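Student: sequence first, predicted model second:
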Amino acid sequence: MNQPIKVALLGATGKAGKYILQELLNQEYAVKALIRQPENFSISHPLLEIVKGDIKDYETARFLLSGCQAVISSIGPRKDEPLVQSLATKNVLKAMEEFQLSRYLLLAGLNVDVLGDQKSVKNKASTEWMRKTFPEAVADRQLAFEILSNSKTDWTFIRLPFIEQTSERHGTLANLYDCVGNKISTTDLADFVIDQIEDEFYFRKAPFVAGL
C-alpha cells in the first residue's frame, strides 16, 4: 500500500487553514501542522502530527518540513508582528533546499502585485487602500513574493478576495491577470489548494482565485 503524501501546513488554526487541514485529512493526506499553542488545539486524527513552535525559528521550520513532500502556508500577518511573512518564507525555502523539496503553496490577498497583472479599477483601489492602511504588512507580503519568485521551488502563490467561512461549495474560477469575484468559500479554497499539490499547471505562477 502506498504511503500518503505528507504535507507541512502553516496556519492550521487560521480562518482558511483549519478548513484546509480538515480537507487534507478527509482526502487522506498525512499532515504535519505547525501550531504555536497546541494546548488550545482540539483536533486529533491518525494522519495528523502536531508540531509546536514558531515558523520564525529556523530549527522549527526544519523539523516541520522533515519527511514532508509539500508545504502549504496560509499564515496571515500577525497584529504584533507584521513582518512575519518574509521571514517565514526565507526559513521555509532554506529547509526545502536542505530536504530537496519542491512544492510550495502560499495564500495571500489581492494586494500583492505581480508583473503582468491587469487589475480592475476596483481591485487597484482595494490594493491602494491596503497599502495605505497596513503598509508594513503589505510590503512584507510583497517581499515574501519576491523572495519566493527568485527561488528554485515549484511554488504557487494563490491570491484571494474575501474569504467566507462556510462549508458550501460553489466552485472556483482562477485567473492570472485579475480577480473576477468578490469572495471565496473556505471549502472551495481548500479544494483548490489541495488540487494544486500534484498539479503542475500553476507552477511558478500567482493566480487570483475566487468563488463562482
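Tutor: Happy to help now that I have it.
Student: pLDDT at residue 2, what is it?
Tutor: Predicted confidence (pLDDT) for residue 2: 66.
Student: equivalent analysis for residue 145, please.
Tutor: Per-residue confidence at residue 145 stands at 96 (pLDDT).
Student: and the one 5 residues further on, by the same measure?
Tutor: Residue-level confidence at residue 150 comes out at 96, pLDDT.
Student: before we move on, what about the one 4 residues further on?
Tutor: Per-residue pLDDT puts residue 154 at 97.
Student: kindly state the beta-bridge partners for it.
Tutor: Taking DSSP bridges, one obtains residue 103 as the residues bridged to residue 154.
Student: give me the number of residues near it?
Tutor: Counted with other Cβ atoms under 10 Å, the neighbours of residue 154 add up to 15. C-beta: built from backbone N, CA, C; applies to glycine.
Student: wait, it touches residue 96, no?
Tutor: No. With contact defined as Cβ atoms under 8 Å, residue 154 does not reach residue 96; the gap is 10.0 Å.
Student: give me the common contacts of the two.
Tutor: Common contacts of residue 154 and residue 96 (Cβ atoms under 8 Å, 6 or more residues apart in numbering): 102, 104.
Student: which residues in the protein form helices?
Tutor: With helices called from DSSP state H, the chain shows them at 17-26, 58-65, 84-99, 121-133, 135-149, 186-195.
Student: tell me which other helices or strands the longest one touches.
Tutor: If contacts are counted by 3 or more Cβ pairs under 8 Å, 6 or more residues apart in numbering; DSSP states H and E, helix 84-99 sits against helix 58-65, strand 70-73, strand 103-109, helix 135-149.
Student: ok so, going back, mean neighbour count added to the helices of the chain, as CSV?
Tutor: CSV is the format used below for the helices of the chain (neighbours: other Cβ atoms under 10 Å):
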stretch, mean neighbour count
helix 17-26, 21
helix 58-65, 19
helix 84-99, 20
helix 121-133, 13
helix 135-149, 18
helix 186-195, 21
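Student: how about the contacts made by residue 52?
Tutor: 35, 36, 38.
Student: could you do residue 181 as well?
Tutor: Contact analysis of residue 181 by Cβ under 8 Å, 6+ apart lists 161, 173, 210, 211, 212.
Student: so how do I select the buried members of the residues you listed in ChimeraX?
Tutor: A single ChimeraX command is used to select the members of those judged buried by 16 or more other Cβ atoms under 10 Å:
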select :161,173,210,211
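Student: filter the contacts of residue 181 down to the ones in strands?
Tutor: Among these, the members found in strands (DSSP state E) are 173, 210, 211.
Student: now do the end-to-end distance for stretch 156-164.
Tutor: Using Cα to Cα, to the nearest Å, one end of stretch 156-164 lies 21 Å from the other.
Student: off-centre distance for that stretch?
Tutor: Remark: stretch 156-164 is offset 9 Å from the chain centroid, using Cα atoms, centre = their mean, to the nearest Å.
Student: tell me the buried residues in it?
Tutor: Using 16+ other Cβ under 10 Å as the test for burial, stretch 156-164 gives 156, 157, 158, 159, 160, 161, 163, 164.
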